[in-house]
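In: Coordinates for the following, if possible.
(4 chains)
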2 protein chains.
Amino acid sequence: MQHKPIQILIVDDHPMVIEGLKTLLSDDDRVTVKTHFMNGTDTLTFLAKDTVNVVLLDVNLPDINGVEMVSKILNIRANIGIIGLSTYSEPSIINQMIKNGVKGYLLKNATADELVNAISQVHQGHFYFGSEVQKILADSVAQEHNDLPRLTRREKHILTLIADGKTTNTIAEELFISPLTVETHRRNLMQKLEVSNAASLIKVAVEKQLI
Amino acid sequence: MQHKPIQILIVDDHPMVIEGLKTLLSDDDRVTVKTHFMNGTDTLTFLAKDTVNVVLLDVNLPDINGVEMVSKILNIRANIGIIGLSTYSEPSIINQMIKNGVKGYLLKNATADELVNAISQVHQGHFYFGSEVQKILADSVAQEHNDLPRLTRREKHILTLIADGKTTNTIAEELFISPLTVETHRRNLMQKLEVSNAASLIKVAVEKQLI
DNA sequence: ATCAATATACCGGAAAACCAGTAGAAAAAA
DNA sequence: TTTTTTCTACTGGTTTTCCGGTATATTGAT
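Out: Coordinates of the predicted model:
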């Protein structure tokens, strides 16, 4: 069965990229480029009165930054699928974009096949991230996850109890051990995580995902 | 062009589910179920010497929990795509699974079409999440963001300094105000976030994304 | 100009956390 | 079995936090 083509809106301030995308997509009758804009404001104005299925959004626009654009677009038309596009790739920006609701992310060297596949998946409400993008994200996650201090089972347990706001004495009662022992554990925890009080202990524990 | 079928491994402790999946997948020649196991240990033993392309992994196994299974599988065979399966859906677990590297997540009421599409996408290294799963995740994010207590600018600032492990006196010096004032702020923070010490203050602050 | 919210500051006392060091029993690993 | 790690527990102290109040100056909005 043949569906009606997926309507695309391209947002990019480089004419070359726009033409390139149009050419790549012109061969495939599953998609059709409805229109394009070279800045954020015009795009939002258009979307206020008309709509498309999928937006190909350059991250570096002259007037509005990519992350904000995503929220603004979804604010106007919640069921538009947005695919982020950029030449380079900063993990933090990609992460923010995902949090704000992009369904896909590609580098600009994507092939026509990849592009159409991404559009198709995103149009169906699924995610699509180019392999390079995934690699970049994985690397950035890996970097956060590297030098985790090894906590013992007991330490992890006590750590969560501390996070719950329980005092040394309460914890001791709960575990049927001496308060002095609990304190020793807490001090060992602080030493391992290189902090000097319970507040920052909890902060780094959360950061390192030990809680 | 016709690729060779994607090899599937099913892990689930319910024979009914295994048979159901096999039947659903048998009609499609893009995939083939290589084998199945009913617990985590056997699965890992198998993967130590043989491999498949995609694992359909039930989250509730008798011996090893789903989240751990994901790490263990990827530890042995980094390039296997894992799709989580469950009947119900707890956001936190799904989130953990994603962090640990599942590429897809489906509820067990998925159609054959959806199943094959998910397998195909995951096999190509992309993500695939069923629409119900996405909804659940979106809801859980929304719920976290609701009743945020309103903190003043000063309070937010002091909150971050507390999270950095600084003492009342240090903070006071840094801000050129009296330690007593800093303490008042800290006490107000604790009252607003309904906690009784700095450790849990930081925990709920992180949870509510105030830090 | 007035009123509410915010930021500032204090007292006195109790409770808890933090520090430096030591050390034996139990469990796990070699 | 021996060794190492983990869990347990202590002494004796200092520092910091936590609690229940009170109170004034400053800022922001109406």
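In: Stretch A:188-197: end-to-end distance?
Out: 11 Å (C-alpha to C-alpha, to the nearest Å).
In: That one near chain B anywhere?
Out: Yes: contact of stretch A:188-197 with chain B (C-beta under 8 Å from any C-beta of the partner chain) involves A:195-197. Yep, even glycine has a C-beta here, placed from its N, CA and C like the rest.
In: need the residues of chain A near DNA strand D, please.
Out: A:150, A:152-155, A:175, A:177-178, A:180-181, A:183-185, A:197 (C-beta under 7 Å from any atom of the strand).
In: of these, buried ones?
Out: By neighbour count, with 16 or more other C-beta atoms under 10 Å in any protein chain shown, the residues of chain A next to DNA strand D hold A:155, A:185 as buried.
In: rewinding a little: ok, and of the residues of stretch A:188-197 next to chain B, which contact DNA strand C?
Out: Answer for the residues of stretch A:188-197 next to chain B near DNA strand C (C-beta under 7 Å from any atom of the strand): A:196-197.
In: Same list, the residues of stretch A:188-197 next to chain B, but as CSV with pLDDT please.
Out: Converted to CSV, the residues of stretch A:188-197 next to chain B look like this (pLDDT from 0 to 100):
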residue, pLDDT
A:V195, 94
A:S196, 92
A:N197, 96
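In: nearest to B:V67, of the residues of stretch A:188-197 next to chain B?
Out: A:V195 (26.8 Å; C-beta to C-beta).
In: in a strand, that's where that closest one is, yeah?
Out: No: with DSSP: H, G, I helix; E, B strand; the rest coil as the criterion, A:V195 is assigned coil and is not in a strand.
In: what's it in contact with, if anything?
Out: A:201, A:203-204, B:165 (C-beta atoms under 8 Å, 6 or more residues apart in numbering or on different chains).
In: domain assignment for chain A?
Out: A:6-144, A:153-207 (automatic domain parsing).
In: Would you format the residues of stretch A:188-197 next to chain B as a markdown table with distance to B:I64 included?
Out: Shown next, in a markdown table, are the residues of stretch A:188-197 next to chain B (distance: C-beta to C-beta, whole Å):
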| residue | distance to B:I64 |
| --- | --- |
| A:V195 | 33 |
| A:S196 | 37 |
| A:N197 | 37 |
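In: Relative to B:V122, which of the residues of stretch A:188-197 next to chain B is nearest.
Out: Closest to B:V122, out of all of those and judged by C-beta to C-beta, is A:V195, at 39.7 Å.
In: Would you mind saying which of the domains of chain A lies nearest B:D113?
Out: Comparing these under C-beta to C-beta, the one sitting nearest is domain A:6-144, at 10.7 Å.
In: quick one on the thing from earlier: from the contacts of A:V195, which land in helices?
Out: A:201, A:203-204 (DSSP state H).
In: could you pull out the helices for chain A?
Out: Under DSSP H, chain A gives helices at A:15-26, A:40-49, A:66-76, A:91-100, A:112-123, A:131-144, A:153-163, A:168-175, A:179-192, A:198-207.
In: For DNA strand D, what's the nearest residue on chain A?
Out: Per C-beta to the nearest atom of the strand, the residue of chain A with the smallest distance to DNA strand D is A:T152, at 2.7 Å.
In: Chain B contacts on chain A?
Out: A:121, A:125-129, A:131, A:134, A:141, A:162-165, A:167, A:195-203, A:206, A:209, A:211.
In: one more time with 6 Å
Out: Proximity of chain A to chain B, by C-beta under 6 Å from any C-beta of the partner chain, involves residues A:125-128, A:131, A:162-163, A:165, A:195-200, A:202-203, A:206.
In: can you give me the end-to-end distance of stretch A:160-179?
Out: Length of stretch A:160-179, first residue to last, C-alpha to C-alpha: 16 Å.
In: hmm, who's touching stretch A:15-29?
Out: For stretch A:15-29, contacts defined as C-beta atoms under 6 Å, 6 or more residues apart in numbering or on different chains pick out A:10, A:12, A:31, A:33, A:36, A:112, A:115-116.
In: Export only the CA atoms of stretch A:70-90, formatted as CSV.
Out: Provided in CSV are the C-alpha atoms of stretch A:70-90 (Å, rounded to 0.1, in the frame of the first residue of the first chain):
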residue,chain,number,x,y,z
VAL,A,70,12.5,22.4,19.7
SER,A,71,10.4,23.5,22.7
LYS,A,72,8.8,26.3,20.7
ILE,A,73,7.9,24.1,17.8
LEU,A,74,6.4,21.4,20.0
ASN,A,75,4.6,24.1,22.0
ILE,A,76,2.8,25.1,18.8
ARG,A,77,2.4,21.7,17.2
ALA,A,78,2.9,18.9,19.7
ASN,A,79,2.7,16.1,17.1
ILE,A,80,5.4,17.3,14.8
GLY,A,81,8.4,15.1,14.7
ILE,A,82,11.7,17.0,14.9
ILE,A,83,15.0,15.8,13.6
GLY,A,84,18.0,17.7,14.7
LEU,A,85,20.8,18.4,12.2
SER,A,86,24.3,19.6,12.7
THR,A,87,27.7,19.3,11.1
TYR,A,88,29.6,18.9,14.3
SER,A,89,28.4,17.2,17.5
GLU,A,90,28.5,18.4,21.0
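In: Could I get the buried residue list for it?
Out: So stretch A:70-90, judged by 16+ other C-beta under 10 Å, has buried residues A:70, A:72-74, A:80-86, A:89.
In: Repeat that for stretch A:128-144.
Out: A:128-130, A:133-134, A:136-137, A:140.
In: Ok, stretch A:23-39 next?
Out: A:24-25, A:28, A:31, A:33-34, A:36-39.
In: Quick one: end-to-end distance for that stretch.
Out: 20 Å.
In: is it possible to export the ones in helices among the contacts of A:V195 to TSV including neighbour count?
Out: Output for these, formatted as TSV (neighbours: other C-beta atoms under 10 Å in any protein chain shown):
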residue	neighbour count
A:L201	25
A:K203	23
A:V204	19
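In: Make TSV from the contacts of A:V195 and add distance to A:I6 and pLDDT to it.
Out: What follows is the contacts of A:V195, written out as TSV (distance: C-beta to C-beta, whole Å; pLDDT from 0 to 100):
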residue	distance to A:I6	pLDDT
A:L201	51	94
A:K203	45	94
A:V204	46	91
B:G165	52	93
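In: can you tell me which of those residues lies nearest to DNA strand C?
Out: A:L201 (7.1 Å).
In: Tell me the spacing between that closest one and B:E155.
Out: 21 Å (C-beta to C-beta, to the nearest Å).
In: what do you get for A:F176?
Out: Applying C-beta to C-beta to A:F176 and B:E155 gives a distance of 38 Å.
In: Next one: A:P149 from DNA strand C, what distance?
Out: 16 Å (C-beta to the nearest atom of the strand, to the nearest Å).
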